[in-house]
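A.B. asks: turn this into a model:
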Amino acid sequence: MKLLCVIDSIGSGGAQRQLIAIAKGIKAKGYSVSFLVYHHEPFYLQELKDENIDYTCLDGFSYIKRILKMRKHIRNGKFDIVLSFLEGANFITTLAGFPFRTWRLVLGERNANPNILKSKKLRFYRWFHFFTDIVVSNSQSNIDLVKKINPFLNDNKFHVIYNFVDFTYWRPTRKHEYFRNKKYNILVAATHEDRKNANGLLEALKNLDEYYLKRLNIDWYGRFDNSYYETLNLLKKYDLNDVITFHPATINIKEKMEDADVIGLFSFYEGFPNVICEALSLGKPVICSAVSDLPVILKNTGNILFDPQKTISIVKAIEDLFMLNSQNLEEIGKYNLKLARKSFDSSILINSYLKLLRNE
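C.D. replies: Okay, here's the model as predicted:
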């Protein structure tokens, strides 16, 4: 089997991380795997090189030329299967199959973005799902969203496979010491874009009582974009530099997460967040938005969920966190570790992908 993985880039995003992991898992099974992208963001390039996975980047072309170049690469590559993630790549790989194709096409829906219900462009992309073999998503909520846009798609075309975790890497390596410097230490690992809701977090911190602020430390790691500068202005305006620090993305995020007491996620929407899967795998409690399938996965676990649209909900969630002592946090973390091993086992989920790819 010759597999081509297609995505916009191999930058530090969650969809990129999952597709890299899938490619590595399938390559380890003895299959030929290669990558095709159209933006050069080489955050994970070394991982591909280490696994001897071919990488082609068609950057620097206009939109039409990009489509034509990628179409030519796909049609001439003699691939058995094309697996693409994210709407832009999905649209291009679908067009590459016209007027006919000889490969199996599997499209990955990764962001349960409610804006697709309003955007003509994003709705248009989903109508092209008629021309694919399989639509796979990392959450049922994402599938439900696509069905609202294109209700005529056959239910048999949809499959949900949760994000998976490599437990040989994502596992606790040391006993954690809670409340360093007598503070609750929260880590957020998310790109600095509007949907990750950094500004919403700052608004909540502004409304938090001084008692909590003095006992709170938040470190946010992620790739910067234009919204980052608006966030910095808000940070300065609210004088919260002693409470929260924004860092660039780091390849050593696991080490940073292990140092944290709690992992946070404040997004307005998610497909299914990698960082929560990894947090659970490290035995970390989480404080996170009630988005995607998280309310189902984390129901009655002791983890703290909130409505990211409401400042008061985020404030209350942080206050609720302070009701938990080190023993409570440790118990939640132990439960999360068991939950992760049951839900995100990479060996099981890689086999699920292989069955889809091979049409078994």
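A.B. asks: per-residue confidence for Asn181?
C.D. replies: For Asn181, the model assigns a pLDDT of 89.
A.B. asks: Asn113 too?
C.D. replies: On the pLDDT scale, Asn113 gets 80.
A.B. asks: can you show me the CA trace of stretch 122-142 as CSV?
C.D. replies: Provided in CSV are the C-alpha atoms of stretch 122-142 (Å, rounded to 0.1, in the frame of the first residue of the first chain):
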residue,chain,number,x,y,z
LEU,A,122,-16.9,26.4,3.9
ARG,A,123,-20.3,25.0,3.2
PHE,A,124,-19.3,24.6,-0.5
TYR,A,125,-16.2,22.6,0.5
ARG,A,126,-18.4,20.1,2.4
TRP,A,127,-20.7,19.5,-0.6
PHE,A,128,-17.6,18.0,-2.4
HIS,A,129,-17.6,15.2,0.2
PHE,A,130,-20.0,13.4,-2.2
PHE,A,131,-16.9,12.6,-4.2
THR,A,132,-14.8,11.0,-1.5
ASP,A,133,-14.9,7.4,-0.2
ILE,A,134,-14.7,8.1,3.5
VAL,A,135,-15.0,11.2,5.8
VAL,A,136,-13.2,10.5,9.1
SER,A,137,-13.4,12.8,12.1
ASN,A,138,-12.0,12.9,15.6
SER,A,139,-15.3,13.7,17.2
GLN,A,140,-19.0,13.0,16.7
SER,A,141,-19.8,16.7,17.2
ASN,A,142,-17.8,17.4,14.1
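A.B. asks: buried residues, that stretch. List them.
C.D. replies: 125-126, 128-129, 132-142 (16 or more other CB atoms under 10 Å). Backbone N, C-alpha and C define where each C-beta goes, glycine included.
A.B. asks: same deal with stretch 48-58?
C.D. replies: 48, 53, 55, 57-58.
A.B. asks: what residues of the longest helix seen in the chain count as buried?
C.D. replies: Counting residues, the longest helix found in the chain (DSSP state H) is helix 326-343. For helix 326-343, a neighbour-count test (16+ other CB under 10 Å) marks 329-330, 332-333, 335-337, 339-340, 343 as buried.
A.B. asks: and the buried residues of stretch 122-142, which two are the farthest apart?
C.D. replies: Largest separation among the buried residues of stretch 122-142 by CB to CB: Asp133 and Ser141, giving 22.5 Å.
A.B. asks: and Phe100, how many neighbours?
C.D. replies: Phe100 has 5 neighbours, counted by other CB atoms under 10 Å.
A.B. asks: check the gap between it and Ile149 for me.
C.D. replies: From Phe100 across to Ile149, the span is 26 Å (CB to CB, to the nearest Å).
A.B. asks: do the same with Asp194
C.D. replies: Taken as CB to CB, the span from Asp194 to Ile149 is 22 Å.
A.B. asks: just the strands in the stretch 51-200 of the chain please.
C.D. replies: Taking DSSP state E, counting those that start in this stretch as the test, the strands found in the stretch 51-200 of the chain are 54-57, 81-85, 104-109, 134-137, 158-160, 184-189.
A.B. asks: nearest to Arg75, of those?
C.D. replies: Evaluated over those, closeness to Arg75 peaks at strand 81-85, with 10.3 Å, by CB to CB.
A.B. asks: tell me which other helices or strands that closest one touches.
C.D. replies: strand 2-6, helix 14-28, helix 87-96, strand 104-109 (3 or more CB pairs under 8 Å, 6 or more residues apart in numbering; DSSP states H and E).
A.B. asks: quick revisit: outside of the longest helix of the chain, which residues touch it?
C.D. replies: 162, 165, 167, 172, 176, 178-179, 261-262, 277, 279-286, 297, 301-303, 324 (CB atoms under 8 Å, 6 or more residues apart in numbering).
A.B. asks: tell me the mean pLDDT for it?
C.D. replies: Averaging pLDDT along helix 326-343 gives 96.
A.B. asks: my read: Ser281 touches Val165, true?
C.D. replies: Yes - in this structure, Ser281 is within contact of Val165 by CB atoms under 8 Å, at 4.7 Å.
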